[in-house]
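Student: just the structure for this:
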Amino acid sequence: MSDAEAARSLLSAAAVRERAHEVLAAGLADTLSHFTVDLARLPAAADFVARVIRENYPSLEVPFHARWRHFVVGDRDLWAERAAATRWPNVAARARAEFDLAIVSVLLDAGAGMGWRYRDAATGTEIDRSEGLALASLRMFEAGAFSSNANDPLRADAARLAALTADDIARGFQVTRDNPLVGLEGRAALLARLGKAVAASATLFGRADAARPGGLYDQLAAEASSGALPAPRILAALLENLGAIWPGRLTLGGLSLGDTWRHPAIRRPDATDGLVPFHKLSQWLSYSLIEPLQWSGIEVTDIDGLTGLAEYRNGGLFVDAGVIALRDPAEAQRANAVDSALVVEWRALTIALLDRLAPLVRERLGVTAEAFPLARVLEGGTWAAGRRLARDKRADGGPPIAVKSDGTVF
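Tutor: Numbers count the residues shown, from 1 in each chain. Just a heads-up that it's a prediction; the model follows:
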């Protein structure tokens with residue numbers, strides 16, 4: 001296998017799942033350097049998650065874990081309102097706009113830090129964290145901040161994205177000395193790289209329009225067979241076509257490996273030895289692109305082919321529930337780098353344990369995997385349960401382990 005072939009083997013949800021479970025196996029063998037694993041505590045965690053799901057969704061009609069949930073403020077679905085009030089030429093035009101919005105918004109959705117909030121004059125809302133980031137990005141999108149065409153604000157153009165600066169994001173996100181946003185420079189640079197990557201692949205991203213992230217819709221629609229598209233193909237398309245946007249990442253065979261890091265628990269006789277992929281933001285984005293595809297009439301299949309998300313709410317659930325524990329509790333307070341063995345272990349254990357937890361949660365709810373895929377378990381769900389435990393255990397509701405992020409991972 002050539003280095004390029006080895007690199008491509010890591011650019012899939014299947015690779016994420018396979019290697020995460022190998023790290024869990026090392027944890028169960030008690031050979032990890034930083035964490036121990038206690039599966040006896042997993043049933044109690046499943047009880048708690050199932051209880052949270054029933055409280056949040058008594059009918060068990062849980063939507064997918066996706067960015068669209070964060071555009072709902074109170075009882076108002078802000079994007080649905082805007083989309084309904086817009087005259088779209090056709091369903092594909094709306095889908096491209098929704099791809100534009102989802103891609104930009106998700107790429108801006110890394111941890112905001114404990115000191116940032118967004119104040120929305122239209123709804124009278126003051127909100128922080130992911131929901132605040134979502135609302136800020138939606139308002140920027142509606143205002144045409146990502147568009148080069150004043151007559152068509154609901155779009156994100158490659159040229160405009162490539163020219164974005166940290167000051168542009170700071171204005172849109174109301175960043176001040178008293179309202180600081182973690183990773184501001186990293187977010188702006190990520191969107192600028194997105195614009196450049198889309199412009200460099202104008203043939204793909206500009207099939208039906210000027211080059212724009214939403215042009216990926218046309219690519220995926222063309223790949224649909226008999227009107228159906230497997231969810232893992234969404235992730236593969238993102239990783240294949242937007243891998244160049246991730247900063248300072250490992251490369252192999254000339255290809256960027258994106259959200260991929262090193263850990264000694266992974267052994268291979270090829271160039272992928274020691275490498276653990278996560279593709280967290282890309283998978284979060286993949287989940288968020290499912291519904292625009294469905295709304296346009298394309299059936300999305302194999303949703304469980306994607307994995308859980310290696311982020312601090314899901315990961316915090318397992319720490320706070322005692323399923324995993326640091327060998328040295330003092331390490332939780334240090335600023336752990338995203339490429340540290342500790343953080344890689346934590347993230348890999350999170351993905352593998354979500355796979356172990358999901359069947360237990362379904363059993364308690366009396367639902368099937370087909371009716372209640374992982375995307376619903378996450379939304380209902382593990383993410384909400386992780387947030388609730390964080391608030392119960394820490395005054396600021398922050399994660400149980402400190403992570404030094406550049407705004408493009410967590």
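Student: which strand or helix spans R119?
Tutor: strand 118-120 (DSSP states H and E).
Student: mind listing what R69 touches?
Tutor: P63, E379 (Cβ atoms under 8 Å, 6 or more residues apart in numbering). Glycine gets a C-beta too; all of them are placed from N, C-alpha and C.
Student: roughly how far does R54 sit from A158?
Tutor: R54 is 45 Å from A158, where distance means Cβ to Cβ, to the nearest Å.
Student: er, A228 actually
Tutor: Look at A228 and A158: by Cβ to Cβ, they are 29 Å apart.
Student: for A221, same thing?
Tutor: Using Cβ to Cβ, we find A221 at a distance of 19 Å from A158.
Student: neighbour-wise, which of those two wins?
Tutor: Using other Cβ atoms under 10 Å, the more surrounded residue of A221 and A158 is A158, with 24 against 19.
Student: isn't that one up against A202?
Tutor: Yes - A158 is within contact range of A202, at 7.4 Å (criterion: Cβ atoms under 8 Å).
Student: mind listing the strands for the chain?
Tutor: 35-37, 72-73, 76-77, 118-120, 125-127, 228-230, 251-252, 255-256, 260-262, 275-277, 299-301, 324-326, 336-337, 403-404 (DSSP state E).
Student: re the thing from before, hey, what's in contact with both of A158 and A202?
Tutor: Common neighbours of A158 and A202 (criterion: Cβ under 8 Å, 6+ apart): A211.
Student: so which bits of stretch 119-135 are buried?
Tutor: Across stretch 119-135, burial judged by 16 or more other Cβ atoms under 10 Å covers D120, T125, I127, D128, R129, S130, E131, G132, L133, A134, L135.
Student: and what of stretch 88-95?
Tutor: Quick answer for stretch 88-95 (16+ other Cβ under 10 Å): A92, A93, R94, A95.
Student: among these, which ones are in helices?
Tutor: Counting by DSSP state H, the part of the buried residues of stretch 88-95 found in helices is A92, A93, R94, A95.
Student: follow-up on the earlier one: ok, which of the strands of the chain comes nearest L354?
Tutor: Distance to L354, taken as Cβ to Cβ, is lowest for strand 324-326 among the strands of the chain, at 12.1 Å.
Student: and for that closest one, what's in contact with it?
Tutor: Residues outside strand 324-326 that contact it (Cβ under 8 Å, 6+ apart) are 27, 34-38, 318-319, 332, 342, 346, 349, 353, 401.
Student: redo that, cut-off 6 Å
Tutor: F35, T36, V37, F318, A332, L349 (Cβ atoms under 6 Å, 6 or more residues apart in numbering).
Student: again, but for stretch 381-401
Tutor: 48-49, 52-53, 114, 312-314, 316-317, 319-320, 332.
Student: follow-up on the earlier one: and of the buried residues of stretch 119-135, the nearest to W246?
Tutor: Nearest member of the buried residues of stretch 119-135 to W246, counting by Cβ to Cβ, is L133, at 18.7 Å.
Student: and the closest one, what is it in contact with?
Tutor: With Cβ under 6 Å, 6+ apart, L133 has these contacts: L108, D109, A112.
Student: distance check, it against R356.
Tutor: 30 Å.
Student: any idea how far L135 lies from A321?
Tutor: 30 Å.
Student: tally up the residues packed near the closest residue to A335 other than its chain neighbours, please.
Tutor: Leaving aside its sequence neighbours, A335 sits nearest to K404 (Cβ to Cβ, 6 or more residues apart in numbering; 4.2 Å). Per other Cβ under 10 Å, the neighbour tally for K404 reads 14.
Student: tell me where the stretch 301-410 of the chain has helices.
Tutor: 312-320, 341-365, 374-377, 383-393 (DSSP state H, counting those that start in this stretch).
Student: let me have those helices in TSV, adding distance to I234 and mean neighbour count as columns.
Tutor: Converted to TSV, the helices of the stretch 301-410 of the chain look like this (distance: least, Cβ to Cβ, whole Å; neighbours: other Cβ atoms under 10 Å):
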stretch	distance to I234	mean neighbour count
helix 312-320	20	26
helix 341-365	18	23
helix 374-377	12	25
helix 383-393	20	19
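Student: and of those helices, who's closest to L181?
Tutor: L181 lies closest to helix 312-320 among the helices of the stretch 301-410 of the chain, at 16.8 Å (Cβ to Cβ).
Student: pretty sure H21 contacts A352?
Tutor: Yes - contact criterion Cβ atoms under 6 Å: H21 and A352 qualify, at 4.7 Å.
Student: what about stretch 17-27, distance to the chain center?
Tutor: Offset of stretch 17-27 from its chain centre (Cα atoms, centre = their mean, to the nearest Å): 20 Å.
Student: now for the closest residue in space to G113 that isn't next to it in sequence, how many residues are close by?
Tutor: Leaving aside its chain neighbours, G113 sits nearest to V182 (3.5 Å; criterion: Cβ to Cβ, 6+ apart). Residues within reach of V182, counting by other Cβ under 10 Å, total 18.
Student: which residue is the nearest non-sequential neighbour of R334?
Tutor: In space, R334 comes closest to A402 once its chain neighbours are excluded; the distance is 6.1 Å by Cβ to Cβ, 6+ apart.
Student: and the pLDDT at that neighbour?
Tutor: Per-residue confidence (pLDDT) for A402: 93.
Student: all set now, cheers.
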